[in-house]
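Visitor: sequence first, then the predicted structure:
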2 protein chains.
Amino acid sequence: MEDEVDRLVAAWRRERPDLDVEPLEVLSRVSRLARHLDRARRLAFSEHQLEPWEFDVLTSLRRAGAPYQLSPGQLLTQTLVTSGTMTNRIDRLTKKGLVERLPDPSDRRGVLVRLTPEGRDRADEALAGLLAQERAILAQLSRAQRGDLAALLRRLTAPFDNIPG
Amino acid sequence: MEDEVDRLVAAWRRERPDLDVEPLEVLSRVSRLARHLDRARRLAFSEHQLEPWEFDVLTSLRRAGAPYQLSPGQLLTQTLVTSGTMTNRIDRLTKKGLVERLPDPSDRRGVLVRLTPEGRDRADEALAGLLAQERAILAQLSRAQRGDLAALLRRLTAPFDNIPG
DNA sequence: TTCAAGTTTCTCGATATCGAGAATCTCGAT
DNA sequence: ATCGAGATTCTCGATATCGAGAAACTTGAA
């Protein structure tokens, strides 16, 4: 089955036969698929009155385990946003009663962000919904293919995640 | 080599052993890689005084071939943004002299967006830079692996690209 | 002890995006 | 001809993000 990237690559080969556009076969698909997933997630979360950015923060705290707290800096590496954005997100989640800010006892510059009980419940509910949706999307692939795909992607993400990026 | 998604999945298995989080192995990597690519692209384009969103629009027109014009609607399906966003993008690119708006001779509701000669040059320059950067990122994989990865991703993108999404 | 460099979080203005609705036009059915 | 449903683009207010710099604190070395 053809996709939009097939058409895009064919167009480039016609217009710029001097260039090797092979990299787009992989990376344009990654970018476009991510945008499609964003839209799908927005829809899935709206049933739980959650925005994708709220889900990202709440689940980062949730999977940290009890007492469900992380520093803003740790949240940055998990969510890949800037520090100004994270401050703003924490403010808004605090107003909604889903997280609270505590002083870090071991570093007076620092802050700990902790999930409230309601925040924890909301994260758990939304996660189950997200997994159901993702399973449906991945039904296009066999279990073995999903494993191969994950392994190939890991080789691309690991350099970004491990060197100071 | 481990990546952030390996840690994320391990954390979920510890905190929610009742859930099957296998879908995250693929789709969380897609989303995170896309964000890393966004950042890298922003950097690569800054040498050419271009924003990623400008690149997306200009290259969509460029690869359409002479006379380098598409309707706003066609640009939507290529860039996956909303119509309000596209109107705004065309306005700003027009002010910069990189595109111009023409009435569609065959449909008076419609508009055609055409690349100016300068817009075309800017698109061509930035594309070469982007491909160089993407080749470096993909050097982690063999040619055969890149082919496999592209084919697996196509199976996921095709449903989004072909059914009315 | 003191200082400089580094870390951590926050501030705030600029900017891009979304989304719902309005305005205009097309096209098929009657 | 005319009407209504659908298509196409644009408007505009609300909102989220970025990014550069400020403020507060820590750490190691002199």
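Guide: Perfect, I can see it now.

Visitor: show the contacting residues for the closest residue to A:Ala64 other than its chain neighbours.
Guide: Setting aside the residues directly before and after it, A:Ala64 is nearest to A:Leu70 in space (CB to CB, 6 or more residues apart in numbering or on different chains), at 5.3 Å. In short, each C-beta sits where N, CA and C put it, glycine included. Residues counted as contacts of A:Leu70 (CB atoms under 8 Å, 6 or more residues apart in numbering or on different chains) are A:60-61, A:64, A:78, A:112-113.

Visitor: apply 10 Å and report the result again.
Guide: By CB atoms under 10 Å, 6 or more residues apart in numbering or on different chains, A:Leu70 lies in contact with A:57, A:60-61, A:63-64, A:76-78, A:99, A:111-115.

Visitor: how about residues contacting stretch A:91-101?
Guide: A:49-51, A:53-54, A:57-58, A:61, A:68-70, A:72, A:75, A:89-90, A:111-123.

Visitor: below-threshold pLDDT in chain A: ranges please.
Guide: A:164-165 (pLDDT under 70).

Visitor: care to break chain A down by domain?
Guide: The record's domain parsing of chain A by automatic domain parsing lists A:1-46, A:51-162.

Visitor: element containing A:Arg35?
Guide: Using DSSP states H and E, A:Arg35 sits in helix A:22-46.

Visitor: name the helices or strands packed onto the helix or strand following that helix?
Guide: Per DSSP H and E, helix A:22-46 leads on to helix A:52-63 as the next helix or strand towards the C-terminus. Helices and strands touching helix A:52-63, by 3 or more CB pairs under 10 Å, 6 or more residues apart in numbering or on different chains; DSSP states H and E, are helix A:22-46, strand A:69-70, helix A:72-79, helix A:83-95, strand A:99-103, strand A:111-115, helix A:117-138, helix B:4-15.

Visitor: one more time with 6 Å
Guide: helix A:22-46, helix A:72-79, helix A:117-138, helix B:4-15 (3 or more CB pairs under 6 Å, 6 or more residues apart in numbering or on different chains; DSSP states H and E).

Visitor: which helices and strands does the shortest one pack with?
Guide: In this structure, helix A:72-79 makes packing contacts with helix A:52-63, helix A:83-95, judged by 3+ CB pairs under 6 Å, 6+ apart.

Visitor: list the buried residues for the last one?
Guide: When neighbours are counted by 16 or more other CB atoms under 10 Å in any protein chain shown, the buried residues of helix A:83-95 are found to be A:86, A:89-90, A:93.

Visitor: same question for the shortest one.
Guide: Neighbour counts using 16+ other CB under 10 Å place A:52-63 of helix A:52-63 among the buried residues.

Visitor: also within reach of DNA strand D: list those from these.
Guide: Counting by CB under 7 Å from any atom of the strand, the subset of the buried residues of helix A:52-63 that neighbours DNA strand D consists of A:Trp53.

Visitor: near A:Thr116, how many other residues are there?
Guide: Using other CB atoms under 10 Å in any protein chain shown, the number of residues around A:Thr116 comes to 18.

Visitor: please apply the same query to A:Ser28.
Guide: Count around A:Ser28 with other CB under 10 Å applied: 21.

Visitor: neighbours around the spatially closest residue to it that is not a sequence neighbour, how many?
Guide: For A:Ser28, ignoring the flanking residues on the chain, the nearest one in space by CB to CB, 6+ apart is A:Val5 at 4.9 Å. Around A:Val5 there are 24 other residues, counting by other CB under 10 Å.

Visitor: follow-up on the earlier one: got JSON lines for the helices and strands packed on helix A:72-79, with distance to A:Ala40 too?
Guide: Below are those laid out as JSON lines (distance: least, CB to CB, whole Å):
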{"stretch": "helix A:52-63", "distance to A:Ala40": "10"}
{"stretch": "helix A:83-95", "distance to A:Ala40": "21"}
